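Participant: Predicted structure and sequence below. I'll ask about it afterward.
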Amino acid sequence: MDDVTFFEAGGLRLGVAGDCPGRVTVSWNGATPSRPMGIALANSTGNFTIPGGACGGTTLGLSNSGLQLAYSGNTGAGGSGQVSSNVGTAACGKYIQMVVADGNPCTTSNVVQLP
């Protein structure tokens, strides 16, 4: 597995390492500590605005094409963490972005393409 590379977007940085299909690790740092978060997956980049809920009105750097919540959890006590999973061929080349429920609008990370 390759080293995780972080791509900056304000304070919240999202990185991805691994091979697709196969084991992929998504890592983050610079998030508001101990806050609910989600990682969204989409077919392409864009400017989808979340219509409601805790992050309603937040604009993502993802399109609504194939948009789905791929992971939800907590940012961790230090505002950093990682999650690993086996990723199938259908997700390869798609885009991910983290959204942290820490205000209105919510904080978003940079957009990263899965390998």
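Facilitator: Received, thanks.

Participant: Please make it C-alpha for all contacts and neighbour counts, starting now.
Facilitator: Noted.

Participant: Tell me the pLDDT of residue 86.
Facilitator: With respect to pLDDT, residue 86 scores 96.

Participant: Next, it: secondary structure please.
Facilitator: strand (DSSP: H, G, I helix; E, B strand; the rest coil).

Participant: Please name the residues that touch it.
Facilitator: By C-alpha atoms under 8 Å, 6 or more residues apart in numbering, residue 86 lies in contact with 21, 22, 23, 24.

Participant: Any idea how many residues pack against the second one?
Facilitator: I take that to be residue 22. Neighbours of residue 22 under the rule other C-alpha atoms under 10 Å: 13.

Participant: Please apply the same query to the first one.
Facilitator: Residues contacting residue 21 under the criterion other C-alpha under 10 Å number 16.

Participant: picking up where we left off before, I'd like the contacts of residue 86 laid out as a markdown table, including distance to residue 41 and secondary structure.
Facilitator: Shown next, in a markdown table, are the contacts of residue 86 (distance: C-alpha to C-alpha, whole Å; DSSP: H, G, I helix; E, B strand; the rest coil):
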| residue | distance to residue 41 | secondary structure |
| --- | --- | --- |
| 21 | 15 | coil |
| 22 | 17 | strand |
| 23 | 16 | strand |
| 24 | 14 | strand |
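
Participant: Just name the closest of those residues to residue 15, please.
Facilitator: Nearest to residue 15 out of the contacts of residue 86 is residue 24 (C-alpha to C-alpha; 10.5 Å).

Participant: Kindly tell me how buried the residue lying closest to that closest one once chain neighbours are set aside is, as a neighbour count.
Facilitator: Distances taken as C-alpha to C-alpha, 6 or more residues apart in numbering place residue 18 nearest to residue 24, at 4.4 Å, with adjacent residues excluded. Residue 18: 20 surrounding residues under other C-alpha under 10 Å.
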